[in-house]
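*Asks:* can't give you the sequence, but here's the structure:
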């Protein structure tokens, strides 16, 4: 597929336009105790908002609600308020308290507490199972006896089982994936405490890069190895060294970084089962970084190559979905984000595509160096909403249209960050957490 012409029998549209900020909304900061309750999202939506997909943010959003340190009992120390897990309309929020962290369940529609009391996990962690059961590893917290506890819907600590050194917890189906404090042991444990299986690793698991989807958990380790474990028995269905694994809706993508045999392999994932053999192995390519619904592969040409070549695949299929081959495409600057892909051209301009089928959505002029907040090269993907790419950086979170126009922007403080939680845009700024209301 060419950026300049139609090659794949897919309609293209290319409206050019200089970027302009249409609206800027300053996030409400709270003075005094009490969450700011400005209504909240009330939509009932069963869509799986993952892989960078956002809800409807086509219009300038206002703040649905805000939590501050004054709203969270026992808030103390340095650290931000974070949404660590979700179950339908209940969000699990963590924040610094005493030695370690405390957890509180809140209603995602208005930010109100759903528990009568907080859970002080100390150096431990909490998570939901897919059935809504909360489990917490508590060490140096409350209760003072180290153990793995279940939490009732009102926040009451109930049944306990052996802690076994657990410091990190993930919900996986109806059970808990537990990583010990040293990172070398991973176990799948039932809520009642029965260990279903245990895996041990030579190097520590990199906890903030663990991925879980259906029947597969991807665990990277400190030596650059990665393992895709099967839920039923913990077997490593795929493993590699000096590599990178990424889960997508259609399956698992593995980039092998071997100097003489760089390649990308794809494994289909259907009904929670990962294929044992790759559906595709593509030599001489690399996986473009970014949270997106489909993998984007870039051909690793020589340093003398004049332009880039990009292909989009479905891991569950055997062939590429579509490809861009154009002499004006840059070898750098590709930005997959949710359901969208923005490719840079050699002259600094960009063209945006729909990842699902390669539909050309529009093009934007080279960025104005006086306005870095409109330069996609300098911004971080939050997610996509329709044909809008929501990005963050340079003191704001904004929605970028295919023609380069900024449809809306929301100011962020210097230490502020934007993230996607169940399709909602969530802002963390100092000791506040705010949710932006969809259209």
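*Replies:* In hand now; what should we look at? Values in this document were obtained by computation on a predicted structure and should not be read as measured data. Residues are numbered from 1 along each chain as shown.
*Asks:* quick check, residue 231 in contact with residue 271.
*Replies:* No: counting by CB atoms under 8 Å, residue 271 is not a contact partner of residue 231; they are 12.0 Å apart. Bear in mind the C-beta positions are built from the backbone N, C-alpha and C, glycine included.
*Asks:* the two: which has the busier surroundings?
*Replies:* residue 231 (21 against 6; other CB atoms under 10 Å).
*Asks:* show me what contacts the more buried one?
*Replies:* Contact partners of residue 231, counting by CB atoms under 8 Å, 6 or more residues apart in numbering, are 172, 173, 188, 214, 215, 216, 217, 272.
*Asks:* how about a cut-off of 10 Å?
*Replies:* For residue 231, the contact set (CB atoms under 10 Å, 6 or more residues apart in numbering) comprises 172-173, 175, 177, 188, 196-197, 212, 214-217, 272-274.
*Asks:* just the ones of those residues in strands?
*Replies:* Among these, DSSP state E puts 172, 175, 177, 188, 196, 197, 212, 216, 217, 273, 274 in strands.
*Asks:* ok, and the closest non-adjacent residue to the first one?
*Replies:* Distances taken as CB to CB, 6 or more residues apart in numbering place residue 212 nearest to residue 172, at 5.7 Å, with adjacent residues excluded.
*Asks:* neighbours around that neighbour, how many?
*Replies:* 17.
*Asks:* my guess is it meets residue 252, correct?
*Replies:* No: using CB atoms under 10 Å, residue 212 is not in contact with residue 252, being 12.0 Å away.
*Asks:* if I read this right, residue 290 contacts residue 246, doesn't it?
*Replies:* Yes: in terms of CB under 10 Å, residue 290 counts as a neighbour of residue 246; the distance is 9.4 Å.
*Asks:* now the common contact residues for these two.
*Replies:* Here residue 290 and residue 246 share no contacting residue, scored by CB under 10 Å, 6+ apart.
*Asks:* circling back to that earlier point, now the residue nearest to residue 172: how far from residue 223?
*Replies:* 21 Å (CB to CB, to the nearest Å).
*Asks:* and what of residue 236?
*Replies:* For residue 236 relative to residue 223 (CB to CB), the value is 15 Å.
*Asks:* more neighbours: those two, which one.
*Replies:* Under the criterion of other CB under 10 Å, the comparison of residue 236 against residue 223 puts residue 236 first, with 15 against 12.
*Asks:* for that one, grab phi and psi.
*Replies:* phi -80, psi 100 (degrees, to the nearest 10).
*Asks:* is the closest residue to it other than its chain neighbours in a bridge, and if so with what?
*Replies:* In space, residue 236 comes closest to residue 227 once its chain neighbours are excluded; the distance is 4.5 Å by CB to CB, 6+ apart. For residue 227, the beta-bridge partners are residue 219, residue 239 (DSSP bridges).
*Asks:* from residue 94, how far off is residue 227?
*Replies:* Counting by CB to CB - residue 227 and residue 94 are separated by 27 Å.
*Asks:* residue 132 now?
*Replies:* Taken as CB to CB, the span from residue 132 to residue 94 is 18 Å.
*Asks:* and the two? Which one has more around it.
*Replies:* Comparing residue 132 with residue 94 by neighbour count (other CB under 10 Å), the higher total belongs to residue 94, at 23 against 12.
*Asks:* other SSEs contacting the helix or strand hosting the more buried one?
*Replies:* For residue 94, the element it lies in under DSSP states H and E is strand 90-96. Contact here means 3 or more CB pairs under 10 Å, 6 or more residues apart in numbering; DSSP states H and E; on that basis strand 90-96 packs against strand 82-87, strand 101-107, strand 119-122, strand 125-128, strand 134-138, strand 432-436.
*Asks:* let's have those strands in a markdown table, adding mean neighbour count and distance to residue 364.
*Replies:* Output for those, formatted as a markdown table (neighbours: other CB atoms under 10 Å; distance: least, CB to CB, whole Å):
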| stretch | mean neighbour count | distance to residue 364 |
| --- | --- | --- |
| strand 82-87 | 18 | 32 |
| strand 101-107 | 23 | 38 |
| strand 119-122 | 24 | 46 |
| strand 125-128 | 24 | 40 |
| strand 134-138 | 27 | 45 |
| strand 432-436 | 25 | 24 |
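*Asks:* name the residues of stretch 219-236 that are buried.
*Replies:* Buried positions in stretch 219-236, judged by neighbour count with 16 or more other CB atoms under 10 Å: 219, 220, 221, 225, 226, 227, 228, 229, 230, 231, 234.
*Asks:* got the contact list for the residue nearest to residue 236?
*Replies:* 186, 199, 201, 205, 217-221, 234-240, 245.
*Asks:* from what I can see residue 88 touches residue 422, true?
*Replies:* Yes: in this structure, residue 88 is within contact of residue 422 by CB under 10 Å, at 8.9 Å.
*Asks:* so these two - more neighbours on which side?
*Replies:* Using other CB under 10 Å as the criterion, residue 88 and residue 422 rank with residue 422 on top: 21 against 11.
*Asks:* which residues does residue 397 bridge with?
*Replies:* residue 392, residue 410.
*Asks:* is it true that it touches residue 418?
*Replies:* Yes: using CB under 10 Å, residue 397 is in contact with residue 418, at 4.1 Å.
*Asks:* who touches both of the two?
*Replies:* Joint contacts of residue 397 and residue 418 (CB under 10 Å, 6+ apart) are 380, 382, 390, 391, 410, 412, 425, 427, 436.
*Asks:* residue contacts, the closest residue to the first one other than its chain neighbours?
*Replies:* In space, residue 380 comes closest to residue 392 once its chain neighbours are excluded; the distance is 5.2 Å by CB to CB, 6+ apart. Under the criterion of CB under 10 Å, 6+ apart, the contact partners of residue 392 comprise 373, 379-382, 398, 410, 412, 416-419, 425, 427.
*Asks:* cool, and residue 91?
*Replies:* Taking CB under 10 Å, 6+ apart as the test, what residue 91 contacts is 83-85, 104-109, 111, 114, 128, 421-422, 424, 426, 433, 435.
*Asks:* and it, what's its pLDDT?
*Replies:* Looking at residue 91, its pLDDT reads 99.
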